[in-house]
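Student: Sequence plus the predicted model coming up.
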Amino acid sequence: MTIERFPNDFLWGTATAAHQVEGGNHGNDWWSWESQPGRIKNNDRSDPACDHYNRYRDDFRLLAGLHQNAHRFSLEWSRIEPRPGEFSAEAIAHYRDVLEALRAVGLEPVVTLHHFTNPTWVAQAGGWDAPETAERFARYVDRVMLELGTLANYWVTINEPTVVAYQGYVHGEWPPGRRELGAAARVLVNLLRGHWLAYERIKSHRPETRVGLAHHLRVFDAARSWAPQDRLVAAAFERVFNETMLRSLREGRLAFPLTRAGKASGPHQSQDFIGLNYYTRELVKFNHRYRAELFGQRVLKEHVLRSDLDWEVYPDGLYRTLIRLQRERLPVLVLENGIADRGDQLRPAFITRHARAMLRALGAGVPLKGYFHWTCFDNFEWAEGYSAQFGLAANDLVTQERSLRPSARVFAEICRTGLVPVSAEPPPEPAGRTEAGPPDLR
């Protein structure tokens, strides 16, 4: 069935993370990580970021003026629980004001409880490699729900568990900077336990609340479709980075290979919706030198559009991923989708082409309920610092002035009408071939 228009109740918005936009988050592991020269591009720091902690009301009015009707943001655990068992009334009051400010301008809140950062005291106690962290996280979630639970209908427990494990414990480019496959597997087990415990705590306060987890999913294709070893590598990436987490949540118990890293189980159904973060695909080929990367080397095809981070622009991957998620039999929210594009040359077409992919998925019967573009304003992009610009608006770090890019108007028109314009066409595709190292899974 062909669908030409999005439903009237479709959620349209942008997504942010506290550490990337708020400024002033000095009590977590990322702030400590940034203090070491060379870890962040250009030695950038996350303060002031977008000073969103102080400017949120104006920012929300701007987003509402662009016809968005929802907004995804995260709470900063280190602000709310700066020391073990001590909860900040000031921080809780601030986030209550944030939620009320969203409601005041007609934006439906989607609240993320953990978006990459841990309080310093959690990191010092072992971070997610320590089994106790799951219970500590659940305690924090319990307090948040007690104080703020009635102010939002959508809650995301943890953002991108596989990325937390990969970047921090395999690739070693994020805190704590380790390269140990066994630790990465243990971290995934504990993150799953944290999600299961958080789900139960949330439902104990508000059974009607919709709870999900933000999955970073990529399409993994064989670089040489005719090569059996490349197909095996692509299948291994699909299993480890995509399917293991989804299957564990679907069955309420650990899926192989996580069964080798620990024991954990949870509710048979611990998601009310699937949160999807989609950016690109990986073409992988077998390379025996990439043992820690499942023997897979990333390859970029000739003549493809690429972001400033050298990620392939591949809208069909969003359609393929949404179709694959039909087997989960749950509503889907696209919680992140965006492009690093300093000149805003690719972003208008990126938005329209991915919107068309979503319309195709809706026509195929996918229960897609919303889309959140990453992101509204250029912000602190983790190890990339301020060099990777994903924003619909540029942000001046000195004046904190938000300057809308043309892509913001394209997205606003889609939000307003539910229709996809046909005018935003991509520029000519560049020539050349690049072979990179291990994939950066954000």
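Tutor: That came through, no problem.
Student: isn't Val211 right up against Ile274?
Tutor: No - Val211 lies out of contact with Ile274 (Cβ atoms under 8 Å); the separation is 11.3 Å. (C-beta placed from N, C-alpha, C; glycine too.)
Student: Tell me which of these two has more neighbours.
Tutor: Ile274 (25 against 22; other Cβ atoms under 10 Å).
Student: Could you export the helix or strand containing the more buried one as CSV, CA atoms only?
Tutor: Using DSSP states H and E, Ile274 falls within strand 273-277. Taking C-alpha atoms only, strand 273-277 is exported to CSV below (Å, rounded to 0.1, in the frame of the first residue of the first chain):
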residue,chain,number,x,y,z
PHE,A,273,8.0,0.4,21.9
ILE,A,274,11.2,0.0,20.0
GLY,A,275,13.4,3.0,20.0
LEU,A,276,15.5,3.1,16.8
ASN,A,277,18.6,5.2,16.3
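Student: Now for the nearest residue to Gly172 once chain neighbours are set aside, which secondary structure element holds it?
Tutor: Once flanking residues are discounted, Gly172 sits nearest to Arg179: 4.4 Å by Cβ to Cβ, 6 or more residues apart in numbering. Assigned by DSSP H and E, Arg179 belongs to no helix or strand.
Student: got the residue ranges for the strands in the protein?
Tutor: 11-15, 70-74, 108-114, 154-159, 210-216, 219-222, 273-277, 281-286, 296-300, 332-336, 368-373, 393-395, 402-404, 434-435 (DSSP state E).
Student: number of nearby residues for Pro207?
Tutor: Other residues within reach of Pro207, judged by other Cβ under 10 Å, total 7.
Student: who touches the residue nearest to Gly172 in this structure?
Tutor: Arg179 makes contact with 169-172, 292, according to Cβ atoms under 8 Å, 6 or more residues apart in numbering.
Student: Tell me who's in contact with Arg253.
Tutor: Arg253 makes contact with 264-266, according to Cβ under 8 Å, 6+ apart.
Student: Same list (the residues you listed) but as CSV, adding pLDDT, neighbour count and distance to Leu362.
Tutor: CSV is the format used below for the contacts of Arg253 (pLDDT from 0 to 100; neighbours: other Cβ atoms under 10 Å; distance: Cβ to Cβ, whole Å):
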residue, pLDDT, neighbour count, distance to Leu362
Ala264, 91, 22, 35
Ser265, 93, 13, 34
Gly266, 94, 20, 30
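Student: The residues you listed into TSV, with extra columns for distance to Trp374?
Tutor: Shown next, in TSV, are the contacts of Arg253 (distance: Cβ to Cβ, whole Å):
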residue	distance to Trp374
Ala264	30
Ser265	32
Gly266	28
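Student: Which member of these is positioned nearest Leu258?
Tutor: Ala264 (8.2 Å; Cβ to Cβ).
Student: Relative to Thr133, how far out is that closest one?
Tutor: As for Ala264, its distance to Thr133 is 13 Å (criterion: Cβ to Cβ, to the nearest Å).
Student: Ok, Val211 next?
Tutor: Distance of Val211 to Thr133, computed by Cβ to Cβ: 19 Å.
Student: Next: Ala412.
Tutor: According to Cβ to Cβ, Ala412 and Thr133 sit 40 Å apart.
Student: So between the two, which is more surrounded?
Tutor: Just comparing Ala412 and Thr133: by other Cβ under 10 Å the higher neighbour count belongs to Thr133, 21 against 18.
Student: where does that one land on pLDDT?
Tutor: pLDDT recorded at Thr133 is 98.
Student: residues touching it, list them.
Tutor: By Cβ under 8 Å, 6+ apart, the contact set of Thr133 is 118, 122, 125-127, 190, 194.
Student: can you check Phe390 too?
Tutor: Contacts of Phe390 (Cβ under 8 Å, 6+ apart): 338-341, 374-375, 378-379, 381.
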